[in-house]
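Enquirer: give the three-dimensional model of this entry:
(2 chains)
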Amino acid sequence: MASKVFKGIPVSAGLAIGRTYFLNREAGTSIVRINIIPEQVPQETARLKQGFNAALDELENILKKVPRDLKEQAAIIDSHIMILRDEKFQKSACDYVHSRLINAEWALENAVNDIERAFSRIEDEYIRSRTQDVRLVAGRVRNKLYGQSKSYDSKSERMILLAHDLSPADTIELKLDRIMAFATATGGKTSHAGIIARSLQIPAIVGAEGLEEIQDDHVVILDGFSGKIIVEPDAEELTHYTDLKQRFSEYYSQIKRNCYLPAETIDGYQMQVLANIELFEEVTSVIDNGGEGIGLYRTEYSFLNRNNWPSEEELYEEYRDMASIVYPQKVVFRTLDLGADKISPHFGPLEEVNPALGLRAIRFCQQNIELFKAQLRAILRASTLGNVAVMFPMISGLQELREVKEIYFDVREEMRKAGQPFNDEVPFGIMIELPSAVFIADVLAREVDFFSIGTNDLIQYSLGIDRTNRYVSYLYQPLHPAVLRSIKYVVDAGHEAGIEVNVCGEVAADPYCIPILMGMQLDSISLNPQAIPGIKRIIRQTTMEECKELLKQVLTSSQVQQSNRLVRDKIFTHFPEGLMFYTSLIEES
Amino acid sequence: MAEDNICETTINLHNEFGLHARPAGRIARAAQQFEARIKLGFDGREVDAKSILDILSLAAPNGSALRILAQGNDARHAVEHLESLFREKLREDG
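Expert: Predicted coordinates for the structure are as follows:
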């Protein structure tokens, strides 16, 4: 019998072969109405109450385990506990069992619907959205009604965890030593679960539709390179993947041994290799993987999943710790890069037809100036304890840049007057990610200390492609001549003005693209920490000479397919053993 | 006779995001410590202050005038306690 394959988005590389366990299986199944007879009412209400109590116990246990620095998660879990303990809620569900003669699950559903109806009259978008909390809480109770206990930790072997989705509460609860990999049915490339998996260095896949079909205790292969989950693999597949897994672990330990060596080509050209991170916790994997500093600290995480803005003090503590851990290497703090769509709870609903072209990143900060200033102060304060740089996202023109600089210098002046110490020499740079910024790079270069080219957005904005849109994603071409010429122009303009230029998009972690970036003589690249050992290895096996030659060929090629073939042939001769372990942005043709 | 103890006050809500889940949870938790029946009134409606869901359903925004009404043995104590909670604690945490 052929094995069944599910496909999702790989978010953390690696391979796992093991047995499955589905967390919160009921969450995606439909609720069934069962009529009961009056004699069954006491039994059914008792079951319901037990469900509430068991769910309550569970949440209280989770709350105890929440690390103290995750205050927001703790507050969310605490409000869930309050909802569970709300006698009205429980009573309303029990009343339904009684009055309608229905099963506990259906009664619970009715009670939730009542609350939702009551809340739907509320105009406040934020409070209205709290019905989601009621739903989540009810889901937990239903889990208990179905008799599921979170018992995967009692199994003797490590499991491959499957779930519809993993919430922050779920991830706190996970017994990580019992899990070798996980896959979720929902979620995208940037979901919380992926970040967690990468920082734990376990393979993970998200957005694998249909995952619910997989039964518990089935053997699966989870391929975190290609995003495949193979259920009940046959002997041949098992042999293949066992072998591959072995080779990967050998290969990985081999490249990791050399990851602390500089990224220097055979002919002596050295490039600095920095890391992109999102979570504070990822710092350890930067250090483990030979990152030479942090080229992009995405500061958004502390602003998400909460009801209020973080205080300056809170941000300062985070930035201070980050800067001092990484010291003497540098940390580039990118200021808040969010669209108003993501932070509506504090911002009020904002109707934008096209958020990608809307109020986001630096534009949002300019309109929320106190928040922006608080973040700048926090970064500057941290600058006395480490090697800190500040970077502004999504700059589109000179006027805008000058306005931002004015705010930045105002903040410094205010701090100076207030006697608050900071390092006067903190370099400040901008992200080049809009085509408009590319074409005036020569002008912008005179105003800043460094450029960082954000290729993910630059490619999307240049080619007019939303990469997550599966109808057009085939047009996402990093080697499009327009993209390459843009990057080249920015690097040259930066160097002409005597400033450093970095690339911090996914192309920097792409084995096919790296020789091209090398050929452009970038000062540094910044990429996800897990990819650093492999990329360093490629750099150490090439010469600047041949990278320049390859760049020349690709720049004169007007066809993307031809360029793709050129880089593939090149990298294949240098790096055949590692290629199977990397996903590339360059499509196979 | 103690049952007839009634105590009442009006306070102004100072919380940027109104009575959302976190402050609502704190109020309910605090109210549950008292024997008295406690109601929270806003905009012509009265709800049970011991129920987080009831409190949320008020959807009281920042600046609302809220009525705290308690009846029972420890009514006075309850109102004072909630009043100080509104005044001190709910202010700081968003």
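
Enquirer: hey, let's count contacts and neighbours off CA atoms from now on
Expert: Fine.

Enquirer: for the chain, what helix or strand is lowest in average pLDDT?
Expert: Defaulting to chain A. The weakest-scoring helix or strand in chain A, judged by mean pLDDT, DSSP states H and E, is helix A:344-347 (a mean of 54).

Enquirer: what's the answer for chain B, then?
Expert: Within chain B, no helix or strand scores below helix B:90-92, which has a mean of 58 by mean pLDDT, DSSP H and E.

Enquirer: do a quick rundown of the helices in the stretch 451-589 of chain A.
Expert: Counting by DSSP state H, counting those that start in this stretch, one finds helices in the stretch 451-589 of chain A at the ranges A:455-463, A:481-496, A:514-519, A:532-541, A:544-556, A:560-574, A:576-579.

Enquirer: what packs against the second one?
Expert: Spelled out, it's helix A:481-496. Secondary-structure packing of helix A:481-496 (3 or more CA pairs under 8 Å, 6 or more residues apart in numbering or on different chains; DSSP states H and E): helix A:435-439, helix A:441-445, strand A:450-453, helix A:455-463, strand A:500-503, helix A:544-556.

Enquirer: for A:I453, give me the pLDDT.
Expert: pLDDT recorded at A:I453 is 98.

Enquirer: give the bridge partners for it, please.
Expert: Counting by DSSP bridges, A:I453 forms beta bridges with A:I432, A:V503.

Enquirer: quick one: it and A:V507, what's the gap?
Expert: Applying CA to CA, to the nearest Å, the value for A:I453 to A:V507 is 11 Å.

Enquirer: and for A:D223?
Expert: Distance from A:D223 to A:V507, by CA to CA: 22 Å.

Enquirer: then A:Q553?
Expert: 18 Å.

Enquirer: show me which of the two is the more surrounded one.
Expert: Per other CA atoms under 10 Å in any protein chain shown, whichever of A:Q553 and A:V507 has more neighbours is A:V507, with 24 against 15.

Enquirer: burial count for the residue nearest to the more buried one when sequence neighbours are not counted?
Expert: Of all residues not flanking A:V507 in the chain, A:C513 sits nearest, at 5.8 Å (CA to CA, 6 or more residues apart in numbering or on different chains). A:C513 has 21 neighbouring residues, counting by other CA under 10 Å.

Enquirer: show the contacting residues for A:C513.
Expert: Counting by CA atoms under 8 Å, 6 or more residues apart in numbering or on different chains, A:C513 makes contact with A:L479, A:V507, A:V567.

Enquirer: which regions of the stretch 401-550 of chain A lie under the pLDDT threshold?
Expert: The model of the stretch 401-550 of chain A has pLDDT under 70 over residues A:468, A:470.

Enquirer: one more: chain B?
Expert: B:1-4, B:89-94.

Enquirer: what residues does it put near chain A?
Expert: B:17, B:19-22, B:25, B:28-29, B:50-53, B:56-57, B:59, B:94 (CA under 8 Å from any CA of the partner chain).

Enquirer: go again using 7 Å as the cut-off
Expert: With the criterion set to CA under 7 Å from any CA of the partner chain, chain B comes near chain A through B:H20, B:A21, B:R22, B:G25, B:S51, B:I52, B:L53, B:L56, B:S57, B:A59, B:G94.

Enquirer: list the contacts for the closest residue to the second one other than its chain neighbours?
Expert: I take that to be B:A21. Sequence neighbours aside, A:S79 is the residue nearest to B:A21 in space, at 6.2 Å (criterion: CA to CA, 6+ apart). A:S79 makes contacts with B:A21, B:R22, B:G25, as judged by CA atoms under 7 Å, 6 or more residues apart in numbering or on different chains.

Enquirer: again, 10 Å this time
Expert: A:73, A:85, A:133-134, A:137, B:20-26, B:29, B:52 (CA atoms under 10 Å, 6 or more residues apart in numbering or on different chains).

Enquirer: from those, which is closest to A:M544?
Expert: Comparing those against A:M544 with CA to CA places A:Q73 closest, at 48.4 Å.

Enquirer: distance to A:K417 added to the helices and strands packed on helix A:481-496, as CSV?
Expert: Below are the helices and strands packed on helix A:481-496 laid out as CSV (distance: least, CA to CA, whole Å):
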stretch, distance to A:K417
helix A:435-439, 34
helix A:441-445, 29
strand A:450-453, 27
helix A:455-463, 38
strand A:500-503, 31
helix A:544-556, 49
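
Enquirer: quick check: which of the helices of the stretch 451-589 of chain A is nearest to A:A437?
Expert: That would be helix A:481-496 among the helices of the stretch 451-589 of chain A, by CA to CA, at 8.9 Å.

Enquirer: per-residue pLDDT, the nearest residue to A:I37 once chain neighbours are set aside?
Expert: Distances taken as CA to CA, 6+ apart place A:L101 nearest to A:I37, at 6.4 Å, with adjacent residues excluded. Per-residue pLDDT puts A:L101 at 91.

Enquirer: my read: A:L101 touches A:Q43, true?
Expert: No - the criterion here is CA atoms under 10 Å, and A:L101 misses it with A:Q43 at 11.7 Å.

Enquirer: who's more crowded, these two?
Expert: When A:L101 and A:Q43 are compared on other CA under 10 Å, the one with more neighbours turns out to be A:L101, at 19 against 13.

Enquirer: what's the distance between that one and A:E109?
Expert: Per CA to CA, A:L101 is found 14 Å from A:E109.

Enquirer: that older thread, now, the residues of chain B next to chain A that are in helices?
Expert: Using DSSP state H, B:A21, B:R22, B:G25, B:I52, B:L53, B:L56, B:S57 are the members of the residues of chain B next to chain A that sit in helices.

Enquirer: ok, those residues vs A:Y327, which is closest?
Expert: B:R22 (37.4 Å).

Enquirer: grab the nearest non-local neighbour of the closest one.
Expert: A:S79 (6.1 Å).

Enquirer: helix or strand for the one you found, which one?
Expert: helix A:71-85 (DSSP states H and E).

Enquirer: what lies in contact with whichever helix or strand comes after that helix?
Expert: Later in the chain than helix A:71-85, the nearest helix or strand by DSSP H and E is helix A:87-100. The contact list for helix A:87-100, computed with CA under 10 Å, 6+ apart, reads A:35-38, A:40-42, A:44-49, A:52, A:83-84, A:101-112, A:114-115, A:134, A:138, B:48, B:50-54.

Enquirer: circling back: list residues touching both of A:I453 and A:V507?
Expert: With CA under 10 Å, 6+ apart as the test, A:I453 and A:V507 both reach A:I525, A:S526.

Enquirer: tell me which residues touch A:Q460, please.
Expert: A:A356, A:E433, A:L434, A:P435, A:D466, A:R467, A:S473, A:L475, A:Y476, A:Q477, A:P478, A:V483.

Enquirer: out of those, flag the one nearest to A:G386.
Expert: For the contacts of A:Q460, the nearest to A:G386 is A:E433 (27.2 Å; CA to CA).

Enquirer: unless I'm mixing things up, that closest one is touching A:G397, no?
Expert: No - the criterion here is CA under 10 Å, and A:E433 misses it with A:G397 at 11.5 Å.
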